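**Q** Got a predicted structure plus its sequence, pasted below:
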Amino acid sequence: MGQQLQQLEAALTRLAADQPFALSWEIRPIGTGEVIARDSTRAVASFSTRKVSVLLACLALVKTGELSLEDRSVITEEMKDGVQAGIMRNLAAGISLNLRDSLVQMMSTSDNICTQLVFRAIGSVRPDPLQWVNDYCAWMGLHATLHREIFPRTGDLTWSHSLETLTTTTAQDQSRLLEKLGRGCVEEASATQLLLSRELCGFARDAMLGLFTPALGVSCTEIQFAEKNGRGLRSLSQVGLALSAAGAPSAAVAAYAENIPTELPSGVPGRVAAFDLFAEVGLAVQEWARGR
């Protein structure tokens, strides 16, 4: 392991040690085979970080020609029930979206109506869309990831909820998938391993670049992150690809903060502290990228 990566590992270890909540994380430089991590095999609730694998599993069916990004679906009133994330819940039923827009909104605003539309599209060509996504994760080596629901009714959860009915994953699985995506953006052979093309890998990266609530890259000025967030009552997570100013993927990053207290002894809200931590992780990755 190079000195710069060792310094990054030490910096993140210090950041994690300073927090009154559990942090599991993993970082993989793209294409080098190197990994740095802390508690990255701990099972955690995925929440909306699950949508990276949903995105890629759906795009794999676009690659085969079974689906098209121009395929259209109509939003129904029933789809709004229990939805807390996204913008489509505030619009009138009957709106028609193509698959491209549904995928982009699923990633950029984490719209759970659009997520339902994506699963509906998968279900139009596969008998069990949830199983298709789970199979895709297994093929990609995400053996600790299990998708259990198409639309999680997170509004019904309490702070002390169990993980048994939720989609679960690990920081290791998510960084592994993102590292594959990063390589797929620049190498056709790597894209093929994802059952995608370089063009579709680029589409996935760009969809993640449009996230409305960035955290890893919010304070960065020299690099950017194509990222996805996850929001739970007691947990927050952020996963993403670090990109150079020219857009070249340099590292896959996954961070999961668990059992976040409502307030720190200092009076700072726990969720604010977690968001600040994600920003510090992003800055540490930027410092590593500067010295590569």
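**A** Cool, the structure landed.
**Q** how about Trp159, what does it touch?
**A** Neighbour list for Trp159: Leu233, Arg234 [criterion: Cβ atoms under 8 Å, 6 or more residues apart in numbering]. Every C-beta, even on glycine, is put in place using the N, C-alpha and C of the backbone.
**Q** Would you mark the buried spots in stretch 201-221?
**A** By neighbour count with 16 or more other Cβ atoms under 10 Å, stretch 201-221 contains the buried residues 201-205, 207-209, 211, 214-218, 220.
**Q** send the alpha carbons of it over as CSV?
**A** The C-alpha atoms that make up stretch 201-221 are tabulated as CSV, following Å, rounded to 0.1, in the frame of the first residue of the first chain:
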residue,chain,number,x,y,z
CYS,A,201,-21.9,2.9,-17.1
GLY,A,202,-21.5,6.6,-17.9
PHE,A,203,-25.2,7.1,-17.7
ALA,A,204,-25.2,5.6,-14.2
ARG,A,205,-22.3,7.8,-13.1
ASP,A,206,-24.0,10.9,-14.5
ALA,A,207,-27.3,10.0,-12.8
MET,A,208,-25.4,9.9,-9.5
LEU,A,209,-23.7,13.2,-10.2
GLY,A,210,-27.1,14.9,-10.1
LEU,A,211,-27.8,14.0,-6.5
PHE,A,212,-29.7,17.0,-4.9
THR,A,213,-28.2,16.3,-1.4
PRO,A,214,-24.5,15.6,-1.9
ALA,A,215,-22.5,15.0,1.3
LEU,A,216,-19.1,13.4,0.3
GLY,A,217,-18.4,16.1,-2.3
VAL,A,218,-20.2,19.1,-0.7
SER,A,219,-17.0,20.7,0.5
CYS,A,220,-14.7,19.5,-2.3
THR,A,221,-13.2,22.0,-4.8
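**Q** remind me which residues of the stretch 51-200 of the chain are low pLDDT?
**A** The stretch 51-200 of the chain contains residues with pLDDT under 70 at 82, 86, 153-155.
**Q** Mind doing that once more with 80?
**A** Flagging of the stretch 51-200 of the chain using pLDDT under 80 yields the residue ranges 81-93, 151-162.
**Q** For Gly240, give me its contacts.
**A** Shown in contact with Gly240 (Cβ under 8 Å, 6+ apart): Leu178, Met208, Leu216, Gly217, Phe225, Ala226, Glu227, Lys228, Ala252, Val253.
**Q** how many neighbours does the residue nearest to the third one when sequence neighbours are not counted have?
**A** Taking Cβ to Cβ, 6 or more residues apart in numbering, and ignoring the residues beside it in sequence, Leu216 has Gly282 as its nearest neighbour in space, at 3.8 Å. For Gly282, the number of neighbouring residues by other Cβ atoms under 10 Å comes to 26.
**Q** still on that earlier bit, which one of the buried residues of stretch 201-221 is nearest Val83?
**A** For the buried residues of stretch 201-221, the closest approach to Val83 (Cβ to Cβ) belongs to Leu211, at 18.4 Å.
**Q** For my notes, confirm the closest one occurs in a helix.
**A** No. Counting by DSSP: H, G, I helix; E, B strand; the rest coil, Leu211 falls outside a helix, being coil.
**Q** Quick check, it in contact with Met107.
**A** Yes. Counting by Cβ atoms under 8 Å, Leu211 does reach Met107; the two are 6.8 Å apart.
**Q** shared neighbours, those two?
**A** The contact lists of Leu211 and Met107 share Lys228, where a contact means Cβ under 8 Å, 6+ apart.
**Q** picking that back up, would you point out the most distant pair within the buried residues of stretch 201-221?
**A** Maximum pairwise distance in these, criterion Cβ to Cβ, is 24.2 Å, between Cys201 and Val218.
**Q** Could you pull up phi and psi at the closest residue to Ala45 other than its chain neighbours?
**A** Leaving aside its sequence neighbours, Ala45 sits nearest to Leu166 (Cβ to Cβ, 6+ apart; 4.9 Å). Backbone torsions for Leu166, taken as degrees, to the nearest 10, come to phi -100, psi 160.
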